[in-house]
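# what follows is a predicted protein model with its sequence.
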Number of protein chains: 2
Amino acid sequence: MGLNKKPSVPTMKDVAQLAGVSLGTVSNVVRGLPVGEEYREKVENAIRTLNYKVNSYAQGLKADRTNTVAVLVPNLVSPFFAYLVNDISRALTKRSYRMILYCTSYNPKLEQEYVNLARQNKVDGIIGLTYNPKLILGEGLRFVSIDRCISPSISCVASDNFQGGRLAAEKLAELGCRHVAFFRIGSVLDNEPNKRKAGFEDGCRAFGLSYDMKILEDGDDQMEWYHFLEDHLHDGKLDFDGIFCVNDVTAHINIGFLNRLGVKVPDDVQVIGYDGTRRFGDLEYECSTIVQPTKEMAEMSVQLLLQDDSAIRPPLVCLPVTYAAGGTTKEPIE
Amino acid sequence: MGLNKKPSVPTMKDVAQLAGVSLGTVSNVVRGLPVGEEYREKVENAIRTLNYKVNSYAQGLKADRTNTVAVLVPNLVSPFFAYLVNDISRALTKRSYRMILYCTSYNPKLEQEYVNLARQNKVDGIIGLTYNPKLILGEGLRFVSIDRCISPSISCVASDNFQGGRLAAEKLAELGCRHVAFFRIGSVLDNEPNKRKAGFEDGCRAFGLSYDMKILEDGDDQMEWYHFLEDHLHDGKLDFDGIFCVNDVTAHINIGFLNRLGVKVPDDVQVIGYDGTRRFGDLEYECSTIVQPTKEMAEMSVQLLLQDDSAIRPPLVCLPVTYAAGGTTKEPIE
C-alpha cells in the first residue's frame, strides 16, 4: 500500500478547503441551490481540480435527503396542469432532483393518501395543487402549495390572480368595451384563482366599465351560461361588448355558445380568458388571455421547497401575469 | 408482556396460510399483478381478517424491489405525451407503484443520462419514449419502449400505426375522396409511427385512391407544405379532395394553410390527422383523427414491465386504433 494508507478519493471537505469556502456552500452548489456567483465559481473550479464526484446516495443518507420531490396535480390532461408539471420537472432535474408524480383526479381522499405515501417514502418535500380543505400534512413535512393557501406556515405560490382579473378589465376598457360580463365556474373552496373576480370588479370600477356576472359552481350545468347570454340578447344584439372568463376553457365554451346565438367574436363581443393555453401546447393562443407564468411559478415553488432557512417561508407568493392577444379581441393594427 | 412474547403483527406468511395460497400469490395480489379472481378474493379476505398492512419499504428491500418506475418522455406540452403519461400514472398508482418522471426535450444525451440515473436509483424498470438510436440500457434493466423498437429483447408498445394509416385511407375513400395526399414530418429515426405512411399507401391501393405525398424531416421549413399545396391549386381548385396528416398538429398547420389559400375544409378537401387530440384535453376533437389508445398503451406497458416471466417479452405490441370524426371531414348525416 506504500506511503498513502487510504486511497485519495476527494471529499466535500477537500473541495471546501481548496475553494476556501464553508462546507455548507459546497453542499449548496452541489445541490443546485442558490449561492453567490463568485462562490459558485470557486467551488466548481475546486470540484474540477480535485475531480470530485458527488455521491448522491451517500449524500442522501448523510443529510437525510432523498433528492426526491413529490408533485401532486389533478391530471395532465388539462393544459395548465401539464405546462406546470413540465416546468416543475425541468426545475427539479436542473438541480439533480427526481420528481415523483401523482395524479389525484380532484379526489380529496386520494390527495390525502398520496401525501401519506410521499411521507412514508421519505421525499424531501411535496409540491401540491390540492383541493382537500381538510388535508393533513403532519409535522416537519416540507410542502409548497400551488394556488391555495393551506396555512400561514405553508408557502403558497400562485399567479397574481387579482392583478390578472384587473388587467382583463383594463384591456377590455382599452379595447373600447363599455358594458362587460364575468363568467366563472370552479370550486367553492377558498383559493387564489377566486381573486380573479375581485380583481376584475376592481378593474371595472377603475376603468369605468359597468358589469354583470354569471357564477357557476363545479357540477352546475354549463348551459346556464347559454341561457344567461340568451336573456341578454335583444334583436340580435348582446347587452355586453366584452366578456372575461375565469379560464381559457370557459372562454372556449362560451365562444361556442356565442356562435350558436349568432353573436360574432370579436366583432360584436370581445372575449378574454385566463391561463395562456396554446393550441397543441406551443402554437397560437386558444383565445386572448391572461398568461400564467408557469415557468416562474415552477422555479419559485422548487426554490422555496428546497431552501433550508425556515425563516424564509412566505405565506403567499404572487407572480406577475401578462396579457396575450389571441384573436378573440380587436387589437389595434400597429 | 403476558403469554405472547412478540406482538402479533401479521406477516405475509400469515396471510398466505389463512388464504390457503402460496406466498407468491399473496405477493402478486399485494403488488397489483395479475392473479386469478378466485385467488385474489381469498387473499383480500385474509388481509382484511388479519388487518395485514403492507410494508412497502421492507417489501422493497426484501424482494429487491423499489415499487418505483421511471418514465421518460420528451415533454408534457404535446398533448399525446401528456395523455400517455396521465394514463401511465393511473396504471402505476393502481398497482401501488410510484412514477418518477423525466422530461428529455428530445435530447439524446439527456435520455442516456436519465436512463443511467434511473439505474443508479434502482427503479424496478423504465418506460421510455426515446429518440436516441444509440441508447445504452445495460444488462438486466427492465425497459418497455413506446413507439420505437430498440432490440428484439425489449418490448415495444405502440398503436397499430400501419392499420391507422390504412384506416385513414379507407375513411377518405368512404367519404367520397378520389385523389388524396399524405403529409408527414418527423424523425428520420426508424420508429413505429413511420408505418402510418406504408399503411396509408396500402389503403389507397386497396380502396382505389390515387395519391401524392409531401414528406418533411424534423427541422425542415413547414412552408414547404404551403408551397406544395399552392403548386397543386389550379383556378382555386385543389388537385386533392382528401389529405391524411401524420399527426393532428400537422393537420392543424395545414388546415391553416388551406384557409390562407381559400380552400374550404371539409367542403373542398377533407382532412384526417392522427393522435386523437382534444381541445383542452377532454372537449371536442381538434380535427377528424385516428385515435391512439393511450389508456390501453399505458396499461400494456405497465403490465409488460412489471411481469416476472422473462418468456413473455413480445418484441412489438400494436394496439387497435379507432377513427373519430372531428369536423374536418364530411360525415354522412345519420
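Noted; the coordinates are in hand. Residues are numbered from 1 along each chain as shown, chains lettered A, B, ... in the order given.

# tell me, how many residues neighbour A:Met223?
Counted with other C-beta atoms under 10 Å in any protein chain shown, residues neighbouring A:Met223 total 11. (C-beta placed from N, C-alpha, C; glycine too.)

# repeat that for the one 10 residues further on.
Residue neighbour count, defined by other C-beta under 10 Å, stands at 16 for A:Leu233.

# before we move on, what about A:Lys295?
The burial count for A:Lys295: 16, using other C-beta under 10 Å.

# how about A:Gln303?
By the criterion of other C-beta under 10 Å, A:Gln303 has 18 neighbours.

# in a helix, it, correct?
Yes. When classified by DSSP: H, G, I helix; E, B strand; the rest coil, A:Gln303 is found to be part of a helix.

# pLDDT score assigned to it?
For A:Gln303, the model assigns a pLDDT of 94.

# and the helices in the stretch 101-250 of chain A?
Remark: helices assigned in the stretch 101-250 of chain A by DSSP state H, counting those that start in this stretch are A:108-120, A:161-174, A:195-206, A:223-231, A:248-260.

# other SSEs contacting the second one?
Pointing back at helix A:161-174 there. helix A:195-206, strand A:242-245, strand A:270-275, strand A:289-291, strand A:316-319, strand A:322-324 (3 or more C-beta pairs under 8 Å, 6 or more residues apart in numbering or on different chains; DSSP states H and E).

# same check, this time on the fourth one
Helix A:223-231 is packed against strand A:210-217, helix A:248-260, with contacts defined by 3+ C-beta pairs under 8 Å, 6+ apart.

# pull the CA atoms of the last one into CSV?
Once non-C-alpha atoms are left out, helix A:248-260 reads as follows in CSV (Å, rounded to 0.1, in the frame of the first residue of the first chain):
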residue,chain,number,x,y,z
ASP,A,248,-59.5,29.6,-21.2
VAL,A,249,-61.7,26.6,-21.3
THR,A,250,-64.7,28.7,-20.0
ALA,A,251,-63.9,31.2,-22.8
HIS,A,252,-63.8,28.4,-25.3
ILE,A,253,-67.2,27.0,-24.2
ASN,A,254,-68.8,30.4,-24.2
ILE,A,255,-67.4,31.4,-27.6
GLY,A,256,-69.2,28.2,-28.8
PHE,A,257,-72.4,29.5,-27.3
LEU,A,258,-72.0,32.9,-28.8
ASN,A,259,-71.5,31.3,-32.2
ARG,A,260,-74.7,29.4,-31.7
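
# tell me the angle that helix makes with helix A:223-231.
Relative orientation of helix A:248-260 with respect to helix A:223-231: 40 degrees, computed using axes from the mean of the first three to the mean of the last three C-alpha atoms, to 10 degrees.

# contact residues of the stretch 51-200 of chain A facing chain B?
Taking C-beta under 8 Å from any C-beta of the partner chain as the test, the list of the stretch 51-200 of chain A residues beside chain B reads A:56-57, A:68, A:75-79, A:82-83, A:85-86, A:89-90, A:93, A:98-103, A:114, A:117, A:120-121.

# make a PyMOL selection of the buried ones in those residues.
Here is the PyMOL selection string for the buried members of these, based on 16 or more other C-beta atoms under 10 Å in any protein chain shown:
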select buried, chain A and resi 56+68+75+76+77+78+79+82+83+85+86+89+90+93+98+99+100+101+102+103+114+117+121
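
# take the helices and strands packed on helix A:161-174 and lay them out in a markdown table including mean pLDDT.
Putting the helices and strands packed on helix A:161-174 into a markdown table (pLDDT from 0 to 100) gives the following:
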| stretch | mean pLDDT |
| --- | --- |
| helix A:195-206 | 96 |
| strand A:242-245 | 98 |
| strand A:270-275 | 98 |
| strand A:289-291 | 98 |
| strand A:316-319 | 94 |
| strand A:322-324 | 98 |
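
# what about stretch A:24-39, start to end distance?
In terms of C-alpha to C-alpha, to the nearest Å, the two terminal residues of stretch A:24-39 are separated by 11 Å.

# what about it, distance to the chain center?
The chain centroid and the centroid of stretch A:24-39 are separated by 26 Å under C-alpha atoms, centre = their mean, to the nearest Å.

# any idea of the mean pLDDT for it?
Summarised as a single mean, pLDDT over stretch A:24-39 is 76.

# contact partners of that stretch?
A:12, A:15-16, A:19, A:21, A:40, A:43-44, A:46-47, A:54, A:59, A:63, A:65, A:67, A:94-97, A:303, A:306-308 (C-beta atoms under 8 Å, 6 or more residues apart in numbering or on different chains).

# ditto for stretch A:253-267
Stretch A:253-267 is contacted by residues A:183, A:222, A:225-226, A:229-230, A:233, A:236, A:238, A:243, A:245, A:268-269, A:271, A:287-288, A:327-330, B:283 when judged by C-beta under 8 Å, 6+ apart.

# and that stretch, how far apart are its ends?
Across stretch A:253-267, the terminal residues are separated by 18 Å (C-alpha to C-alpha).

# which residue is the nearest non-sequential neighbour of the residue of the stretch 151-300 of chain A found nearest chain B?
Scanning the stretch 151-300 of chain A for proximity to chain B using C-beta to the nearest C-beta identifies A:Gly281 as nearest, at 3.6 Å. Taking C-beta to C-beta, 6 or more residues apart in numbering or on different chains, and ignoring the residues beside it in sequence, A:Gly281 has B:Val77 as its nearest neighbour in space, at 3.6 Å.

# that neighbour against A:Asn86, yeah?
Yes. Here B:Val77 reaches A:Asn86: they are 5.4 Å apart, a contact under C-beta atoms under 8 Å.

# tell me the most buried of the helices of the stretch 101-250 of chain A?
Among the helices of the stretch 101-250 of chain A, judged by mean count of other C-beta atoms under 10 Å in any protein chain shown, the one packed with the most neighbours on average is helix A:161-174 (a mean of 24).

# report the angle between the axes of that helix and strand A:270-275?
Using the same axes, to 10 degrees: helix A:161-174 against strand A:270-275 is 160 degrees.

# please name the bridge partners of the closest residue in space to A:Leu172 that isn't next to it in sequence.
Leaving aside its chain neighbours, A:Leu172 sits nearest to A:Gly242 (3.9 Å; criterion: C-beta to C-beta, 6+ apart). Under DSSP bridges, the beta-bridge partners of A:Gly242 are A:Val180, A:Gln270.

# return the residues in contact with A:Gly242.
A:172, A:175, A:177, A:179-181, A:209, A:269-272.

# returning to what we had before: now, of the contacts of stretch A:253-267, which are buried?
Restricting those to buried positions leaves A:183, A:225-226, A:229, A:233, A:238, A:243, A:245, A:269, A:271, A:287-288, A:328-330, with burial counted as 16+ other C-beta under 10 Å.

# farthest-apart pair in these, please.
With C-beta to C-beta as the measure, no two of the buried ones among the contacts of stretch A:253-267 lie farther apart than A:Tyr226 and A:Lys330, at 23.7 Å.

# what pLDDT does A:Asn55 get?
On the pLDDT scale, A:Asn55 is placed at 55.
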